[in-house]
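**Q** When you get a sec, could you give me coordinates for this:
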Amino acid sequence: MIYTVTFNPSVDYIVQVDDFVPGKINRVKNNYKYPGGKGINVSRVLNNLRVESKALGFIGGFTGNFIKDSLEKDGVYTDFIKVQGDTRINVKLKSNEETEINGVGPDIDDKALDELLKMLKKLGSEDYLVLAGNVQNTLPSDIYAQIQEKLVNNKARVIVDTTGEALTATLKHKPFLIKPNNHELSEIFGVEINTREEIIFYAKRLLDMGAENVIISMAGEGALLVCEEGVYHSAAPKGKVKNSVGAGDSLIGGFLANYCKSLDLIEAFRWGVASGSATAFSLDLCTKDEAERLLAEVKVIKLV
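**A** Next up is the predicted model:
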């Protein structure tokens with residue numbers, strides 16, 4: 001089973017406005033509400049690709065109930081922990097430019113955190129655990145690494161998608177997969193990265209630091225898979241970008257949807273790139289049909 005953990009879920013309120021003007025009354029053309037958060041996005045993509053997962057994490061209030069009800073209505077299994085306060089609302093304003101206003105989530109106390117850890121201790125070697133997104137400021141920045149440490153004997157494959165020190169702290173526990181983008185890679189090492197060769201050099205350093213597999217997403221330049229077998233590149237399929245939210249989560253969802261069945265890193269990488277691109281070309285997360293249509297365009301080339 002694939003489990004996703006989202007510490008700070010959200011209701012993503014997407015608003016489309018023609019020619020948005022700050023300081024004036026603007027009329028909404030279209031609006032949509034989706035359950036959001038990186039781990040939840042991965043579970044939604046897996047569900048769209050007909051692969052089961054269970055969404056874990058913390059929810060509160062009427063917004064938390066919306067997330068749980070929406071996911072379960074669509075067929076996603078959930079086992080959220082209720083906390084005090086309301087799950088946050090993130091506003092995504094789409095007009096001539098795309099603007100995001102992200103809310104603040106509720107605090108997670110020690111009791112709730114212990115409850116999550118008890119759930120995760122039941123995972124075994126056949127399971128996958130996705131730890132995705134940023135965590136609340138009230139929690140330790142290395143909370144993902146702390147979770148890994150408690151699961152080291154379970155041998156579940158752990159996928160980490162976060163940034164900065166929260167990511168690098170997990171490397172000593174050898175995560176199965178990490179997925180920084182090229183900008184986050186620059187931030188990790190405190191350097192300016194301008195070329196593909198530089199990206200490969202620093203991605204290999206992440207392998208040396210403990211990661212088993214590294215995918216570097218590079219927006220319109222496609223993505224790189226750096227692993228023990230070598231370095232692989234896939235160009236991005238062609239299409240009109242409509243949505244930048246959730247493309248990276250879709251890459252992970254597409255990767256896992258294939259890998260849990262095939263155990264083939266390269267084919268899983270192809271599915272990840274197709275799924276991430278399909279989401280970028282849609283207003284919501286990709287469907288199975290959309291990902292499959294793009295799959296034929298995804299060509300993986302071994303560079304090293």
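**Q** So which elements touch the lowest-mean-pLDDT helix or strand in the chain?
**A** In the chain, no helix or strand scores lower on mean pLDDT, DSSP states H and E than strand 98-101, which sits at a mean of 90. Helices and strands touching strand 98-101, as assessed by 3 or more CB pairs under 8 Å, 6 or more residues apart in numbering; DSSP states H and E, comprise strand 88-94. (Glycine included, C-beta is placed from N, CA and C.)
**Q** Output the strand it packs on as PDB - backbone C-alpha positions only.
**A** C-alpha atoms of strand 88-94 as PDB (Å, rounded to 0.1, in the frame of the first residue of the first chain):
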ATOM      1  CA  ARG A  88      -6.200  26.400   6.000                       C
ATOM      2  CA  ILE A  89      -7.600  27.800   2.800                       C
ATOM      3  CA  ASN A  90      -5.200  28.600   0.000                       C
ATOM      4  CA  VAL A  91      -6.400  31.000  -2.700                       C
ATOM      5  CA  LYS A  92      -5.100  30.600  -6.200                       C
ATOM      6  CA  LEU A  93      -6.000  33.600  -8.300                       C
ATOM      7  CA  LYS A  94      -5.600  33.000 -12.100                       C
END
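**Q** who touches it?
**A** With CB atoms under 8 Å, 6 or more residues apart in numbering as the test, strand 88-94 has contacts from 8-17, 20, 36, 63, 98-106, 245.
**Q** partners of the least confident helix or strand of the chain in the sheet?
**A** strand 88-94 (antiparallel) (DSSP bridges).
**Q** quick one: average pLDDT of the helix or strand harbouring residue 207?
**A** According to DSSP states H and E, residue 207 maps onto helix 196-208. For helix 196-208, the mean per-residue pLDDT is 96.
**Q** Name the next helix or strand following that helix along the chain.
**A** Next element after helix 196-208 (DSSP H and E): strand 214-217.
**Q** Kindly export that next one (C-alpha atoms) in CSV.
**A** The C-alpha trace of strand 214-217 is given here as CSV (Å, rounded to 0.1, in the frame of the first residue of the first chain):
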residue,chain,number,x,y,z
VAL,A,214,16.9,11.6,-7.2
ILE,A,215,14.5,13.2,-9.7
ILE,A,216,15.2,16.8,-10.6
SER,A,217,12.2,18.5,-12.2
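**Q** Tell me the helix or strand right after that strand.
**A** Using DSSP H and E, the helix or strand that follows strand 214-217 towards the C-terminus is strand 223-227.
**Q** and after that next one, which helix or strand comes next?
**A** Using DSSP H and E, the helix or strand that follows strand 223-227 in sequence is strand 230-234.
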